[in-house]
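Undergrad: show me the folded form of this:
(chains A and B)
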Amino acid sequence: ELKVEQNPLFLSMQEGKNYTIYCNYSTTSDRLYWYRQDPGKSLESLFVLLSNGAVKQEGRLMASLDTKARLSTLHITAAVHDLSATYFCAVWGDRDDKIIFGKGTRLHILP
Amino acid sequence: EPEVTQTPSHQVTQMGQEVILRCVPISNHLYFYWYRQILGQKVEFLVSFYNNEISEKSEIFDDQFSVERPDGSNFTLKIRSTKLEDSAMYFCASRYGRGQEPQHFGDGTRLSIL
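TA: Okay, the predicted model is just below:
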């Protein structure tokens, strides 16, 4: 059964710093998603990663996928307070019609 | 941009009562899903639905749960006899089906069981 693990689960960081969130998954998959969730809100799609070596960037966020290592990273560059949210990675199992979410990383950026 | 819409945004129900959560997926989408998120926890898959039948369901989706697409636009989740532990945010999602796009999520219905 597909398992998705994120770390860290909680991250408090200063504005202007860089950091990386890691997402490991247990079985083969060629589709990985990153979502952002603000408190009490829905899930906003950030990135769709579809192949080994895929890298996508949007503003201060950059996501990458290594399907051989079953690892995705979400890198935050020069964090700003507006990026405070919970970030989820989610993986589509090869034979499944569903996505499995990690537990989420609650990111708190201090001004 | 087309959206998945869910109603109501908040539902308060007495334990043991039936509840129906409603969703209107994006109009040309073919695959529909329900997920739930207990407060502060991760998002959990409940059920997927395609071509008027359930294609996959999780262990959470027991006999108390059912889904229906009663017409061409709505997709509903029914919980027959609610329990306290059903309190959660329920998200509906849909996708067209070409495989590469992400699922599009609605804003969710917060279900509170008293």
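Undergrad: ok, and the closest non-adjacent residue to B:Arg22?
TA: Nearest residue to B:Arg22, sequence neighbours excluded (C-beta to C-beta, 6 or more residues apart in numbering or on different chains): B:Thr7, at 4.9 Å. C-beta here means a position set from N, CA and C on the backbone, and glycine is covered the same way.
Undergrad: what do you get for B:Asn52?
TA: Counting by C-beta to C-beta, 6+ apart, the residue nearest B:Asn52 is B:Arg69, at 6.2 Å.
Undergrad: bridging residues for B:Ala93?
TA: Beta-bridge partners for B:Ala93, by DSSP bridges, are B:Tyr33, B:Phe105.
Undergrad: let me redo that: B:Ser48
TA: In this entry, B:Ser48 is beta-bridged to B:Tyr33, B:Glu56, by DSSP bridges.
Undergrad: show me the shaky parts of chain B.
TA: Applying pLDDT under 70 to chain B flags the ranges B:98-100.
Undergrad: circling back to that earlier point, my guess is the residue nearest to B:Arg22 meets B:Thr109, correct?
TA: Yes - counting by C-beta atoms under 8 Å, B:Thr109 is a contact partner of B:Thr7 at 7.2 Å.
Undergrad: look at the two and report which has more neighbours.
TA: Set side by side, B:Thr7 and B:Thr109 show more neighbours around B:Thr109, with 22 against 13, by other C-beta atoms under 10 Å in any protein chain shown.
Undergrad: residues contacting that one?
TA: For B:Thr109, the contacting residues are B:6-11, B:21, B:89-90, by C-beta atoms under 8 Å, 6 or more residues apart in numbering or on different chains.
Undergrad: please tell me how far it sits from chain A.
TA: 11 Å (C-beta to the nearest C-beta, to the nearest Å).
Undergrad: what pairs with that residue across the strands?
TA: Here B:Thr109, judged by DSSP bridges, has bridge partners B:Tyr90.
Undergrad: returning to that earlier point: quick check on the contacts of B:Thr109: which are buried?
TA: Using 16 or more other C-beta atoms under 10 Å in any protein chain shown as the burial test, these include B:6, B:11, B:21, B:89-90 as buried.
Undergrad: before we move on, the earlier item: how close does the residue nearest to B:Arg22 sit to A:Asn7?
TA: Remark: distance between B:Thr7 and A:Asn7 (C-beta to C-beta, to the nearest Å) = 36 Å.
Undergrad: show me where pLDDT drops low in chain A?
TA: Scanning chain A with the threshold set as pLDDT under 70 gives A:94.
Undergrad: show me where it has its strands.
TA: Counting by DSSP state E, the segments of chain A that form strands are A:4-7, A:10-14, A:19-25, A:31-37, A:43-49, A:55-58, A:61-66, A:71-76, A:85-92, A:99-101, A:105-110.
Undergrad: just put those strands in JSON lines and tack on mean neighbour count and distance to chain B.
TA: Formatted as JSON lines, the strands of chain A follow (neighbours: other C-beta atoms under 10 Å in any protein chain shown; distance: least, C-beta to the nearest C-beta, whole Å):
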{"stretch": "strand A:4-7", "mean neighbour count": "18", "distance to chain B": "9"}
{"stretch": "strand A:10-14", "mean neighbour count": "13", "distance to chain B": "11"}
{"stretch": "strand A:19-25", "mean neighbour count": "19", "distance to chain B": "12"}
{"stretch": "strand A:31-37", "mean neighbour count": "23", "distance to chain B": "5"}
{"stretch": "strand A:43-49", "mean neighbour count": "20", "distance to chain B": "4"}
{"stretch": "strand A:55-58", "mean neighbour count": "12", "distance to chain B": "12"}
{"stretch": "strand A:61-66", "mean neighbour count": "20", "distance to chain B": "12"}
{"stretch": "strand A:71-76", "mean neighbour count": "19", "distance to chain B": "14"}
{"stretch": "strand A:85-92", "mean neighbour count": "25", "distance to chain B": "7"}
{"stretch": "strand A:99-101", "mean neighbour count": "24", "distance to chain B": "4"}
{"stretch": "strand A:105-110", "mean neighbour count": "17", "distance to chain B": "9"}
